[in-house]
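Undergrad: Here is my input, please return the structure:
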Amino acid sequence: MSDLAQRFQAALAHQLAGRIKEAEGGYRDLLRSHPGHVDSLQLLGLVLAARGNLVEAADLTERAIEIGGDNPAILNNLGEIRRQQN
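TA: Alright, predicted model coming up:
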């Protein structure tokens, strides 16, 4: 497994275990070296939305869509973030 994949899996494991602060740090760290990593962008968006940071969550999710295309799951996440903003 590559370093990128290991770092992503570690951040995802933190998120799934409810360690949101650690997940956020892991995704942010990964995005510093791989700013176009679509899964990290969209999952960090979900983490931030859960913490109430809806503006940054929407921005990151929109970037994930711009880079990764019209993935239905990511589009749904953006819709949910937008719903929470209203």
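Undergrad: Need the pLDDT of M1.
TA: As summarised for this prediction, M1 has a pLDDT of 83.
Undergrad: isn't it right up against Q9?
TA: Yes. Here M1 reaches Q9: they are 7.5 Å apart, a contact under C-beta atoms under 8 Å. C-betas here are computed from N, CA, C, even on glycine.
Undergrad: Would you mind telling me which of those two has more residues around it?
TA: Using other C-beta atoms under 10 Å, the more surrounded residue of M1 and Q9 is Q9, with 12 against 8.
Undergrad: which residues touch that one?
TA: M1 (C-beta atoms under 8 Å, 6 or more residues apart in numbering).
Undergrad: change it to 10 Å
TA: Neighbour list for Q9: M1, G26 [criterion: C-beta atoms under 10 Å, 6 or more residues apart in numbering].
Undergrad: What's the separation between it and L41?
TA: 16 Å (C-beta to C-beta, to the nearest Å).
Undergrad: Next: N71.
TA: Distance, N71 to L41, by C-beta to C-beta: 11 Å.
Undergrad: Same question for V55.
TA: V55 sits 15 Å away from L41, going by C-beta to C-beta.
Undergrad: between the two, who's got more neighbours?
TA: More crowded of V55 and L41, by other C-beta under 10 Å: L41, with 25 against 10.
Undergrad: correct me, but that one touches E66?
TA: Yes. At 9.4 Å, L41 counts as touching E66 under the criterion of C-beta atoms under 10 Å.
Undergrad: Could you give the separation of stretch 57-69 from the chain centroid?
TA: Distance of stretch 57-69 from the chain centroid (C-alpha atoms, centre = their mean, to the nearest Å) equals 9 Å.
Undergrad: let me redo that: stretch 36-47
TA: 2 Å.
Undergrad: Can you list the buried residues in it?
TA: Across stretch 36-47, burial judged by 16 or more other C-beta atoms under 10 Å covers H37, V38, D39, S40, L41, Q42, L43, L44, G45, L46, V47.
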